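# Show me how the following folds:
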Amino acid sequence: MNTPAIRLAALALAAVLAGCASTPAPRAPLKLTILHTNDHHGRFWPNADGEYGMAARKTLIDRLRAEVKAGGGEVLLLDGGDVNTGVPESDLQDAEPDFQGMNRLGYDAMAVGNHEFDKPPAVLAKQRSWLKFPMLAANIYSDGQRLFEPYRIFERAGYRIAVVGMTTVDTAKMVLPANIRGISFTKPVDEASKLVPELRAKADMVIAATHMGHYTDGNAGVNAPGDVEMARAVKGFDLIVGGHSQNPVCMLAENKRNDAYVPGTPCAPDRQNGTWIVQAHEWGKYVGRADFVIDGSKVELVKYELVPVNMKKRGPDGKKVLAAEAIAEDTGMKAFLQPFQANGQARLSVPVGSSDGVLDGDRDRVRKQPTNLGTLIARAMMDRTGADLALINSGGVRDSIPAGSISYRDVLKVQPFGNTVAVVQMKGDELLNFLKAAAKMTPGAGAFPQTAGVRMVIEANELKDVRIGGQPVDPQRSYRLAVTNFTASGGDGYPKLNNHPGYVDSGFNDADVLKAYIAARSPLKVADYEPGDMVTRR
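Numbers count the residues shown, from 1 in each chain. Sure, this is the predicted structure:
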C-alpha cells in the first residue's frame, strides 16, 4: 500500500539517514610528537669525545618513535636547515653522508639554510636529488617562481599538519653572489601573512620550519628578523622549529633565554603571541622533543625536552662525564657512514705544520675583536699576493687551530667555503672609503674585519686614523688590497670590488693559501701573530 503518508515518512527517514552519512565521525584526540634538529653542519661522525653523530642519533630517534607509537601517538621529524659546511670530511664529499644519512633517519621535511647555497647550484641540485623528503622555503624565488616547495601537509590519524619553510633574508649577503644569481629572498613575515590564513583553512596544526634565528625578545641586532619577530607579527603558527642562531632555546622567564644551558637539564621553549618556538642548538647535539595533543581545533603542548646525544659536561673533578644516559650507535648507520669517514680521513690527516699555541677562531671572539688566527690568515693572503694589506670577514673563520701538529683537516675547518684570494689595486682615497665601510661593521657580526698590514683607530664605528706600513694613507698612491672573492663580491655587506678596474682574482683557494703559509713557517709562534694595537676601538 503506497499512501501519501507512507511516502512522506520514507522521504523523512531517507533525509535523516543522508544527514547521518554526511556528518563525519568525531575524531579522537591526536597525540603528536615533533622531533627536531638544526644546523647539522657536516657532523655525521661523532667528535673525539664521542659526542653526537648520526649513528647515535638514529638509535635515539628509533627509540623515541617506538615509544610514541606504543603510547598511541604519531611522529613528525623536522630539521631547521644548514646541513652543509663545517667538517672537512663532509665538505669534501658535498655533504653526501649527511643528506643520505638524513634519509635513513626518516626526516619528513627540512628548512633551507643559508649554507645550502655555499656551493654552486649544481651541487645543491645534486643534494636535492638525493633527498627522499622536501626542502621547504616559501620565501626563495627564481624568475618569479618559488625555488622550493613552500609547504607540505602531512596527515596523521585523520589530522592534517602543515609545515611551511622560511629562510633568513641575510642569505643574500652571506654567500657568494654567483651561487644565488637570479635568486631573491623575500621577507618571511610577508610570506607568512599570506600563507598562514590559507594553511589554517587546510590544516589542524600549522608549523614553521625556519632558518632565521632565535633572538631573545626580538633583539636581532645586526641580523635579519628571526623567529620571535615573525611570531609576534603573524598570529596563527602553533609551533616554530628554528635554526641559524645555533642556540638551545630554553627560557628562564618571559623573553629571557638561558644562554648557559647545561645538557640534560629541563628546557622550557619560548612562547610568543600563542606560538611555541624551539631550537636544538647545533650539530645534532640534541634531538628536541615536543609532545602535543590536538583535540578538534585545540593544539596543546604537553611536554618539551632537549634529549642530549651523548653530550658531556664537566664533573666536580673537571673531567667530562655523560650528561645523560649513553646512547649506542646504530650499527647499520655506522656501517653506511664508515666509508665516507675513511675517505675523508685519508685525504685530511697529512700534517702540514705545527704551532706552539692555540690560534683563536672562536666564533664569539673572532667576530668581536682581532685574533691571532685572523692576523695569520690575513698575512697568508698578503704573502701569496704581495699585497700591502689584507682583510677577511670574520664569518669566514669557522674554527680555532689547536696547539701542536696542524693537519689539512684543521685548516679546512677554519676555511671550509672554498673561496679564492683576490687582489684589488686602488688609489689611497678609494682604499680609505673601503676601510671606512669596514670600520662600520658591528662587532658580533660575521662582517667584522680581521686584518693585517694596516693599523686603524675607530671611534663609534667611524674610522679616525689609518696607517699602512706605519705611514698615513696617501690619497694618490696606489695600494694593493687582498680580500676573498666573497668579500669582493659584496659579501656581508662590504662595498663591491669585483667590478673595480684593478680587481684580479688570483684563483688561489683560501684554505690552500693558509696551508702553504703554515707549512713554510712551521713551527709557528703564536706570539708573532698577536694583533696588539692593530685595531683600536674607542
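
# contact partners of stretch 312-332?
Contacts to stretch 312-332, defined as Cβ atoms under 8 Å, 6 or more residues apart in numbering, come from residues 46, 49-51, 53, 55-56, 58-60, 62, 104, 262-264, 307-311. C-betas here are computed from N, CA, C, even on glycine.

# and that stretch, how far apart are its ends?
Distance across stretch 312-332, first residue to last, is 24 Å (Cα to Cα, to the nearest Å).

# Check which residues of it are buried.
With burial defined by 16 or more other Cβ atoms under 10 Å, the residues of stretch 312-332 counted as buried are 312, 322-323, 327, 329-330.

# That stretch - what's its average pLDDT?
Here stretch 312-332 scores 93 as its mean pLDDT.

# circling back to that earlier point, for the buried ones among the contacts of stretch 312-332, write the corresponding PyMOL selection.
The PyMOL selection below is limited to those of those classed as buried (16+ other Cβ under 10 Å):
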select buried, resi 46+50+51+53+55+56+58+59+60+104+263+264+307+308+309+310+311
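
# Inside helices: which ones of the contacts of stretch 312-332?
The helices, defined by DSSP state H, take in 55-56, 58-60, 62, 104 from these.

# Dump these into a markdown table; add pLDDT as well.
As requested, those are exported to a markdown table (pLDDT from 0 to 100):
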| residue | pLDDT |
| --- | --- |
| Ala55 | 98 |
| Ala56 | 98 |
| Lys58 | 98 |
| Thr59 | 98 |
| Leu60 | 98 |
| Asp62 | 98 |
| Arg104 | 98 |
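
# and the residues you listed as TSV, adding distance to Pro150?
As requested, the ones in helices among the contacts of stretch 312-332 are exported to TSV (distance: Cβ to Cβ, whole Å):
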residue	distance to Pro150
Ala55	33
Ala56	33
Lys58	29
Thr59	33
Leu60	30
Asp62	30
Arg104	26
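
# Start and end of stretch 292-310, how far apart?
26 Å.

# which residues of the stretch 351-500 of the chain fall in helices?
Taking DSSP state H, counting those that start in this stretch, the helices of the stretch 351-500 of the chain run over residues 363-366, 372-385, 408-414, 428-439, 485-488.

# right, and these - which one's nearest Asp190?
helix 485-488 (27.7 Å; Cβ to Cβ).

# what does that closest one contact?
175-176, 391-393, 396, 417, 419-422, 424, 492, 494, 496-498, 503, 505.

# Tell me the first helix or strand C-terminal of it.
strand 503-509 (DSSP states H and E).

# thinking again about what came up before, let me know the closest of the buried residues of stretch 312-332 to Gln369.
The shortest gap between Gln369 and any of those belongs to Lys312, at 28.7 Å (Cβ to Cβ).

# For that closest one, give its distance to Lys285.
10 Å (Cβ to Cβ, to the nearest Å).

# so what sits against both of those two?
What both Lys312 and Lys285 touch, as defined by Cβ under 8 Å, 6+ apart, is the set 51, 263.

# related to what we said a few turns ago, select only the buried ones of the contacts of helix 485-488 in ChimeraX?
To isolate the buried members of the contacts of helix 485-488 in ChimeraX, using 16+ other Cβ under 10 Å:
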select :175,176,391,392,393,396,417,419,420,421,422,424,492,494,497,498,503
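
# Okay, domains of this protein per the record?
With domains defined by automatic domain parsing, the chain comprises 30-342, 351-537.

# just flag whichever of the ones you listed has the lowest average confidence.
domain 351-537 (a mean of 93).

# now it, how far from the chain's geometric center?
Averaging C-alpha positions (Cα atoms, centre = their mean, to the nearest Å) puts domain 351-537 23 Å from its chain's average.

# quick one: the helices in the stretch 51-200 of the chain?
Under DSSP H, counting those that start in this stretch, the stretch 51-200 of the chain gives helices at 54-70, 88-91, 96-105, 121-130, 171-174, 188-202.

# how about the third one: buried residues?
Across helix 96-105, burial judged by 16+ other Cβ under 10 Å covers 97-102, 104-105.

# which among those residues gets closest to Ala439?
The closest of the buried residues of helix 96-105, once distances to Ala439 are taken by Cβ to Cβ, is Asp98, at 38.0 Å.

# List the contacts of Glu89.
42, 44-45, 97, 340-341, 343-345, 348, 409.

# let's see 10 Å
Contacts for Glu89 were tallied using Cβ atoms under 10 Å, 6 or more residues apart in numbering; they are 42-45, 97-98, 337, 340-348, 409, 412-413.

# distance of it from Val352?
Applying Cβ to Cβ, the value for Glu89 to Val352 is 17 Å.

# do the same with Asn343
Relative to Val352, and taking Cβ to Cβ, Asn343 is found at 19 Å.

# what about those two, which has more around it?
Remark: of Asn343 and Val352, Val352 carries more neighbours, 19 against 14, as counted by other Cβ atoms under 10 Å.

# roughly how far apart are that one and Gly318?
Distance of Val352 to Gly318, computed by Cβ to Cβ: 32 Å.

# do Ile183 as well
49 Å.

# With Leu373 instead?
26 Å.

# Only alpha carbons, please: show stretch 417-437 as PDB.
The C-alpha coordinates for stretch 417-437 follow below in PDB (Å, rounded to 0.1, in the frame of the first residue of the first chain):
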ATOM      1  CA  PHE A 417      84.000  27.600   1.900                       C
ATOM      2  CA  GLY A 418      86.400  27.200  -1.000                       C
ATOM      3  CA  ASN A 419      86.700  30.900  -1.600                       C
ATOM      4  CA  THR A 420      89.600  32.300  -3.600                       C
ATOM      5  CA  VAL A 421      92.000  35.100  -2.800                       C
ATOM      6  CA  ALA A 422      91.700  38.300  -4.900                       C
ATOM      7  CA  VAL A 423      93.800  41.500  -5.100                       C
ATOM      8  CA  VAL A 424      92.400  45.000  -5.800                       C
ATOM      9  CA  GLN A 425      94.800  47.700  -6.900                       C
ATOM     10  CA  MET A 426      93.300  51.100  -6.000                       C
ATOM     11  CA  LYS A 427      94.200  54.600  -5.100                       C
ATOM     12  CA  GLY A 428      94.500  55.700  -1.500                       C
ATOM     13  CA  ASP A 429      91.300  57.600  -1.400                       C
ATOM     14  CA  GLU A 430      89.400  54.500  -2.700                       C
ATOM     15  CA  LEU A 431      91.100  52.400  -0.100                       C
ATOM     16  CA  LEU A 432      90.100  54.800   2.700                       C
ATOM     17  CA  ASN A 433      86.500  54.600   1.600                       C
ATOM     18  CA  PHE A 434      86.600  50.800   1.800                       C
ATOM     19  CA  LEU A 435      88.200  50.900   5.200                       C
ATOM     20  CA  LYS A 436      85.600  53.300   6.400                       C
ATOM     21  CA  ALA A 437      83.000  50.800   5.400                       C
END
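
# Buried residues in that stretch, which are they?
For stretch 417-437, using 16+ other Cβ under 10 Å, the buried residues are 417-428, 430-432, 434-436.

# cool, and stretch 110-125?
110-119, 121, 123-124.

# Just name the most buried of the helices of the stretch 351-500 of the chain.
Comparing the helices of the stretch 351-500 of the chain by mean neighbour count (mean count of other Cβ atoms under 10 Å), helix 485-488 ranks first with a mean of 26.

# Tell me how many other residues surround Ser142.
Ser142, neighbours per other Cβ under 10 Å, totals 14.

# With adjacent residues omitted, what lies nearest to it?
Distances taken as Cβ to Cβ, 6 or more residues apart in numbering put Ile183 closest to Ser142, at 5.1 Å, once the chain neighbours are dropped.

# hang on, the one you found packs against Pro121?
Yes. If you go by Cβ atoms under 10 Å, Ile183 and Pro121 touch, sitting 8.8 Å apart.

# so what sits against both of these two?
142, 147.

# circling back: mind putting the helices of the stretch 351-500 of the chain into TSV with distance to His244?
Below are the helices of the stretch 351-500 of the chain laid out as TSV (distance: least, Cβ to Cβ, whole Å):
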stretch	distance to His244
helix 363-366	13
helix 372-385	23
helix 408-414	20
helix 428-439	24
helix 485-488	19
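
# so which of the ones you listed gets nearest Ala511?
Per Cβ to Cβ, nearest to Ala511 of the helices of the stretch 351-500 of the chain: helix 408-414, 5.3 Å.
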